[in-house]
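sharing a sequence plus its predicted fold:
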Amino acid sequence: MYQHDLHTQINELIKKSKIDFNKDNLFYTRFIANAAAIHSLYMDLYEHHPQRDKMLDELLQTIIISYKKRDTIFKQKDEEKLNKGFWFLSNEITGMSLYVDRFCGNLQNLNDKLDYFKKLGVNLLHLMPLFESPQGESDGGYAVSDFKEIDKRFGKLEDLKALEQKMNNEGMYLMIDIVLNHTSQQHKWAKKAKQGEAKYQDFFYMYADRSIPDAYEQTMPEVFPDGAPGNFTYVEECNKWVMTVFNTYQWDLNYTNPEVFVEMLDNIFFYANLGVDILRIDAPAFIWKQLGTASQNLPKAHSILQLIKQCVNVATPGMALLGEAIVAPHEIMKYFGTGLATAKECDFAYNATQMALQWDMLATGDASIMLASQHEILQKPFGTSWITYTRCHDDIGLGYTDEAIQQAGLNAYEHRRFLKDYYSGNYNGSPAKGALFGVNYKTQDARISGTLASLCGLEKAIEENNNDAIKTSIKKIILMQAHSFFIGGLPMLFYGDEAGYTNDYSYLNDAGKNYDNRWMHRPVIDWEKNKKINIKGTTENEIFTSTQKLISIRKKIAAFGDYKNLIWLSPHNIHVAAFVREFQNQKVFCLFNFSNQAAYLTWYAFKERGIVSLALYDYWSEQEFVIGADHEYLIIEPYGFYVMENRL
Ligand code: GLC
């Protein structure tokens, strides 16, 4: 839609910035094409703000300046990615999330670890927050005191740039976080607010007394009810109350102020211009607050994300956005955009629902609740992708719906209680060793901490020196990884899981961490232990080589790209989660037995999905299976799985 004033304003600004309309024609085209959307999203948010026009001008300038600053090499990469189409849907990308300091000390050392990733098959690194964050009140780096200064613990900005360059040369992708919702109370904006500067007090939600905070508390849930109850913190220096949804030292930014938006957009572009391929937007569900609501998942939070997406599409279009919304399934879906904005908000979201459902299946040996949840998960629009995972640095929330549990004939409250007991090791006979996180004694809600290996029983099996239990736990670990690798989306491993790390309890001795048991599953890597990945017969070797094999299978098969190409098989056997991935002429059946008994799956289950060949080739066991008569069965061993291709 042509908008005379807006387009004139953009043209003037571009002229002033001395951008060459011919040389930078693609940028210019993108800008004009997105201008109306940017304008209308901006107005949706800030139409009635007194600084509206001034800040719109600054926003447009921020886009131009950021484009100008972008290295030619990244501009070329942008174009390559745009020409590829949805580059990030590819089956050839596998990620790993890691804390640089806990993995290998600092950014420089990470250069020497690139071969380790290559060996495993990982070509995307999610480096957990690297920017300045006060020791002792850092929330693993999610309390940022300077968005542009690398924390000394990790090195310098130059180190990150050098690493990025090396990764880029080796065909690897980089992902980092923007902590959008809040800053550390040590950030310069917060410090100025504490000193009483009104301009900066308006960067946060600050109140002179408890009346508004109390009104908010009526409807806002608590995120860390045990470690940081409530949503407001008293600030002695200025005698005011500030909103702190997460920890007391994480101050929520006030996005009703357009200046905050423009400042944070500038930070986003700063990261884009470091060569970031995927930007993880931390906690986007929380970025808009409104009295009388839960202040989560509000429509204007989506407007902010869409506005960011439009701006990024203009200046740095090669950077994809991941919205870290760990919310109810039907809410997660909205982060991909809805209505006219479908597939125009976040490119990625975590498939947190499926992740939790995998843990449900592992505990119960039953796929019913998982299947009952699929109608929601399958709504994801084409052109967007899940991040699939079994574990990450955060806790596991059992966030799927009560209805899905009820459909499986169970009582939702009792069932969740069973799972919490099972994984925290309080259920008789459970092999898992985890802990409850975020216990809310008022609602009895809680999430689960623990590493993949410990939750799958490896820690206990090792303690008990029980070889059979060790074997079973390894099978569970690989089953969990396989399911999340093939289900569609970009698999994101969590560091340490590839070598079977069990819980690390050293956090209990650190006053900056001991209030947060998520640290038990954020191990410090011991490279002596990791050497065992090369020694046959060790647990480390078995887990590493199996993970490696899963990644290489995924890389071979285009159907594993996230092309909205997954169909669930009818549950002929409720212990088995089974789906088919289709792409062009390819049909790949993935079947996972979550029970501790052998499962029998009738060949009819395959025929129902239009299989026409006589045999299936299983990439995992490297065997061919002749398809039998309808009444005959494929047998899947306990915690076993197949990745079978239809041989035409
Ligand atoms: C996200 C992070 C989590 C952090 C929170 C607050 O959920 O994943 O680790 O505590 O945001 O920044």
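Structure received. Because the structure is a prediction, the values reported are computed rather than measured. Residues are numbered from 1 along each chain as shown.

point out the residues in the stretch 151-300 of the chain that sit beside the ligand.
Within the stretch 151-300 of the chain, the positions lying close to the ligand (C-beta under 6 Å from any ligand atom) are 179, 246, 282-283. The way it works is simple: take the backbone N, C-alpha and C, and place the C-beta from them, glycine included.

mind running it again at 5 Å?
246, 282-283 (C-beta under 5 Å from any ligand atom).

which parts of stretch 293-313 are buried?
Judged by neighbour count using 16 or more other C-beta atoms under 10 Å, the buried positions of stretch 293-313 are 295-298, 300-313.

residue of this protein nearest the ligand, please.
Tyr142 (3.3 Å; C-beta to the nearest ligand atom).

now that residue. Nearest residue, chain neighbours left out?
Counting by C-beta to C-beta, 6 or more residues apart in numbering, the nearest residue to Tyr142 once its immediate chain neighbours are dropped is Val179, at 5.4 Å.

contact partners for that neighbour?
Contact analysis of Val179 by C-beta atoms under 8 Å, 6 or more residues apart in numbering lists 129, 142-144, 147, 282-283.

so which of those residues is the most crowded?
Val144 (28 neighbours; other C-beta atoms under 10 Å).

all strands of the stretch 301-450 of the chain, in order?
320-323, 348-350, 385-388, 435-440, 445-449 (DSSP state E, counting those that start in this stretch).

I'd like the ones you listed written out as CSV, with distance to Phe606 and mean pLDDT added.
Output for the strands of the stretch 301-450 of the chain, formatted as CSV (distance: least, C-beta to C-beta, whole Å; pLDDT from 0 to 100):
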stretch, distance to Phe606, mean pLDDT
strand 320-323, 35, 98
strand 348-350, 31, 98
strand 385-388, 24, 98
strand 435-440, 41, 93
strand 445-449, 35, 95
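
does any bit of stretch 341-350 sit next to the ligand?
No - against the ligand, stretch 341-350 shows no contacts by C-beta under 5 Å from any ligand atom, the least distance being 9.4 Å.

gap between that stretch and the chain center?
Here the centre of stretch 341-350 is set off from its chain's centre by 13 Å, with C-alpha atoms, centre = their mean, to the nearest Å.

which residues are contacting that stretch?
37, 88, 278, 281, 284, 302, 305-306, 309-310, 320-326, 332, 334-337, 381-387, 389, 392, 490.

quick one: buried ones out of those?
The neighbour count (16+ other C-beta under 10 Å) marks 37, 88, 278, 281, 284, 302, 305-306, 309-310, 320-326, 332, 334-337, 383-387, 389, 392, 490 as buried among these.

which parts of the lowest-mean-pLDDT helix or strand in the chain are buried?
One helix or strand of the chain scores below all others by mean pLDDT, DSSP states H and E: helix 604-607, with a mean of 89. Using 16+ other C-beta under 10 Å as the test for burial, helix 604-607 gives 604-606.

how about these in CSV, adding distance to the ligand?
Below are these laid out as CSV (distance: C-beta to the nearest ligand atom, whole Å):
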residue, distance to the ligand
Tyr604, 44
Ala605, 38
Phe606, 40
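
how far does stretch 617-636 stretch from start to finish?
Using C-alpha to C-alpha, to the nearest Å, the end-to-end distance of stretch 617-636 comes to 15 Å.

list the buried residues for that stretch?
Buried positions in stretch 617-636, judged by neighbour count with 16+ other C-beta under 10 Å: 617-620, 625, 627, 633-634, 636.

what do you get for stretch 136-155?
Neighbour counts over stretch 136-155 (16+ other C-beta under 10 Å) mark 137-145, 147, 150-151, 153-155 as buried.

which residues of the stretch 151-300 of the chain fall in helices?
Using DSSP state H, counting those that start in this stretch, the helices found in the stretch 151-300 of the chain span residues 157-169, 188-194, 198-201, 211-217, 258-272, 299-315.

would TSV of the ones you listed with mean pLDDT be doable?
Below are the helices of the stretch 151-300 of the chain laid out as TSV (pLDDT from 0 to 100):
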stretch	mean pLDDT
helix 157-169	98
helix 188-194	98
helix 198-201	98
helix 211-217	98
helix 258-272	98
helix 299-315	98
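
returning to what we had before: run through the bridge partners of the residue nearest to Tyr142.
Beta-bridge partners for Val179, by DSSP bridges, are Asp282.

in which helix or strand does Phe544 reside?
Phe544 belongs to helix 539-556 when elements are defined using DSSP states H and E.

what packs against that helix?
In terms of contacts (3 or more C-beta pairs under 8 Å, 6 or more residues apart in numbering; DSSP states H and E), helix 539-556 is packed against helix 114-120, helix 467-486, strand 490-494.

what's the most distant pair in the contacts of Val179?
Taking C-beta to C-beta, the two most distant members of the contacts of Val179 are Phe147 and Ala283; they sit 15.1 Å apart.

neighbours of Glu498, how many?
Count around Glu498 with other C-beta under 10 Å applied: 27.

contacts only, for the residue lying closest to it once chain neighbours are set aside.
Leaving out its chain neighbours, the residue that sits closest to Glu498 by C-beta to C-beta, 6+ apart is Thr547, at 4.9 Å. Each residue near Thr547 by C-beta under 8 Å, 6+ apart is listed here: 120, 478, 481, 493, 497-498.

so who does Cys590 touch?
482-483, 486-487, 578-581, 641-644.

distance to Thr472, pLDDT and neighbour count for the residues you listed - can I get that in TSV?
Shown next, in TSV, are the contacts of Cys590 (distance: C-beta to C-beta, whole Å; pLDDT from 0 to 100; neighbours: other C-beta atoms under 10 Å):
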residue	distance to Thr472	pLDDT	neighbour count
Ala482	15	98	25
His483	16	98	24
Phe486	21	98	26
Ile487	23	96	22
Ala578	21	97	26
Phe579	24	96	21
Val580	28	95	22
Arg581	28	96	25
Phe641	14	98	25
Tyr642	19	98	24
Val643	21	98	24
Met644	23	96	26
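
nearest to Leu569 among these?
Ala578 (4.1 Å).

restrict the helix or strand that that closest one is a member of to CA atoms and write it as CSV.
Following DSSP H and E, one finds Ala578 within strand 576-583. The C-alpha trace of strand 576-583 is given here as CSV (Å, rounded to 0.1, in the frame of the first residue of the first chain):
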residue,chain,number,x,y,z
VAL,A,576,4.4,-46.9,20.1
ALA,A,577,4.7,-43.4,18.9
ALA,A,578,4.9,-43.6,15.1
PHE,A,579,4.8,-41.1,12.3
VAL,A,580,5.6,-40.9,8.7
ARG,A,581,7.6,-38.0,7.1
GLU,A,582,6.9,-37.5,3.5
PHE,A,583,8.8,-35.4,1.0
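
let me see the ranges of the helices in the stretch 351-500 of the chain.
Per DSSP H, counting those that start in this stretch, the stretch 351-500 of the chain carries helices over the ranges 352-364, 368-372, 374-377, 402-407, 412-423, 452-455, 458-463, 467-486.

pick out the shakiest of those helices, pLDDT-wise.
Among the helices of the stretch 351-500 of the chain, helix 374-377 carries the lowest mean pLDDT, a mean of 93.
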